[in-house]
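**Student:** sequence and predicted structure below; questions after.
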4 protein chains.
Amino acid sequence: MPSKQTIETLRAFTAERDWAQFHSPENLAKSIVIEAAELLECFQWGPEFNQRKVEDELADVVTYCIHLAGVLGVDLDEIVLRKLEQTRTKYPVEKARGRTTKYTELDS
Amino acid sequence: MPSKQTIETLRAFTAERDWAQFHSPENLAKSIVIEAAELLECFQWGPEFNQRKVEDELADVVTYCIHLAGVLGVDLDEIVLRKLEQTRTKYPVEKARGRTTKYTELDS
Amino acid sequence: MPSKQTIETLRAFTAERDWAQFHSPENLAKSIVIEAAELLECFQWGPEFNQRKVEDELADVVTYCIHLAGVLGVDLDEIVLRKLEQTRTKYPVEKARGRTTKYTELDS
Amino acid sequence: MPSKQTIETLRAFTAERDWAQFHSPENLAKSIVIEAAELLECFQWGPEFNQRKVEDELADVVTYCIHLAGVLGVDLDEIVLRKLEQTRTKYPVEKARGRTTKYTELDS
């Protein structure tokens, strides 16, 4: 993840514009949170939303995530699955079922 | 994107814990920005970073993006590529090359 | 705003720890969004909240806002009131009353 | 904090537009992070910034903080000073001096 086509298309887009120079991990992390907040803006005043607008803002978040994964040299599927194993340990089924309690408070 | 294995693994993880009930688009959008800010925290005081920590936080952002794509019924590769075509129009190579100027100010 | 006592107390706190060196406008802007996301985390899964926890997270956001105002050399009351005059123009009472429509779409 | 004039002016502004109905703590928390990300956008690609733009974005963050304090029924100076006392305990001068290490790792 993402597909090779997506990775290649994004890389070419960036190269054509000579933008890789701006894509430090720090700048990409800022960009991800900036786009994530634009996604949230779709829900600023309530749960109703415009599907197309939400898709477009989600795409922006994921685009910068793909750029950051590229700069870090990691595969998104791999780190997502690896992180899930940690989360699995923090949230055992029997304790976490049907609850949003944070793992640090699951025992209390 | 992501791979079918990742999607299936995340879906099973959520189902086992009966967490789909909390995964409204609005809650997922909040979750994405919350995790994006944790990613940014890796760079709070400067550009140096811990590679593994950044990978883990990026994984959290992408995990919620995958959940949101699932709830919206869209494919991440598709919306990323579609959005890229819009961005291509906003940032023509000849104007945007080597600059971070926002598209609204590219002509000025 | 804030009171002189608050400004002085925060300044002394920072000076004692020799932390002013880290308080660049950029780092403070990152810190504000990081703390704002922690505030949002109080509402991650719904509108219910823990009053004390929300107060503490709001305090963290405002603390960094005060630091940034200090570094910029501006008074928070002044910039809030100045900005409000702009917002007043964007959202005339007769058009904006009882609606959350963004100003760019108020006429449509 | 803020001054009575600022509080009264903001309150009148909101009342004229009948916007208090939208100002739930959750919506205000979302709004604070949305505005905080716009502030961060001033520094998306580096530390240089436009002073007036940063002031305006900071004003937006603080405006929503004032609204949230109003809804919660708390005084911003009070909660900032109260929170500072907790931070003081987490970051003793002798350990925290000149370092950005998080309190959870100060002893390690």
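**Tutor:** Sure thing, it's come through. Just so you know, these numbers come straight off a predicted model, no measurement behind them.
**Student:** all contacts plus neighbour counts: C-alpha atoms, from now on.
**Tutor:** Will do.
**Student:** elements contacting the lengthiest helix in chain A?
**Tutor:** Counting residues, the longest helix in chain A under DSSP state H turns out to be helix A:51-72. Applying 3 or more CA pairs under 8 Å, 6 or more residues apart in numbering or on different chains; DSSP states H and E, one finds that helix A:51-72 contacts helix A:25-41, helix B:51-72, helix B:76-90.
**Student:** got the contact list for residue A:50?
**Tutor:** By CA atoms under 8 Å, 6 or more residues apart in numbering or on different chains, the contact list for residue A:50 reads residue A:42.
**Student:** mind checking how far it is from chain C?
**Tutor:** 13 Å (CA to the nearest CA, to the nearest Å).
**Student:** now do residue A:2
**Tutor:** 27 Å.
**Student:** now that residue, what's its secondary structure?
**Tutor:** What DSSP: H, G, I helix; E, B strand; the rest coil gives for residue A:2 is coil.
**Student:** residues contacting residue A:72?
**Tutor:** Neighbouring residues of residue A:72 by CA under 8 Å, 6+ apart: A:25, B:51, B:55.
**Student:** just residue A:70 next, same as before
**Tutor:** Neighbours of residue A:70 in contact, by CA under 8 Å, 6+ apart: none.
**Student:** so how far is residue B:82 from it?
**Tutor:** To residue B:82, residue A:70 is 20 Å away according to CA to CA, to the nearest Å.
**Student:** list of residues touching stretch A:20-34?
**Tutor:** A:14, A:61-62, A:64-65, A:67-68, A:71-72, B:33, B:36-37, B:39-40, B:43, B:46-47, B:100, C:30, D:37-38, D:40-41, D:44-46.
**Student:** filter the residues you listed to the buried ones?
**Tutor:** Neighbour counting with 16 or more other CA atoms under 10 Å in any protein chain shown marks A:14, A:61-62, A:64-65, A:67-68, B:33, B:36-37, B:39-40, B:43, C:30, D:37-38, D:40-41, D:44-45 as buried within the contacts of stretch A:20-34.
**Student:** how far does stretch A:34-48 sit from the chain's center?
**Tutor:** In terms of CA atoms, centre = their mean, to the nearest Å, the centre of stretch A:34-48 is set 15 Å apart from its chain centre.
**Student:** do the same with stretch A:72-91
**Tutor:** With CA atoms, centre = their mean as the basis, the mean position of stretch A:72-91 lies at 12 Å from the chain mean.
**Student:** mark out where each domain of chain A begins and ends.
**Tutor:** For chain A, automatic domain parsing gives the domain ranges A:1-74, A:76-108.
**Student:** mind listing what's buried along the last one?
**Tutor:** When you say that, I think you mean domain A:76-108. The neighbour-count check on domain A:76-108 (16+ other CA under 10 Å) flags A:76, A:77, A:79, A:80, A:81, A:83, A:84, A:91, A:93, A:96, A:97, A:98 as buried.
**Student:** report how many residues lie close to the nearest residue to the last one once chain neighbours are set aside.
**Tutor:** Leaving out its chain neighbours, the residue that sits closest to residue A:98 by CA to CA, 6 or more residues apart in numbering or on different chains is residue B:18, at 5.0 Å. Using other CA atoms under 10 Å in any protein chain shown, residue B:18 has 15 other residues around it.
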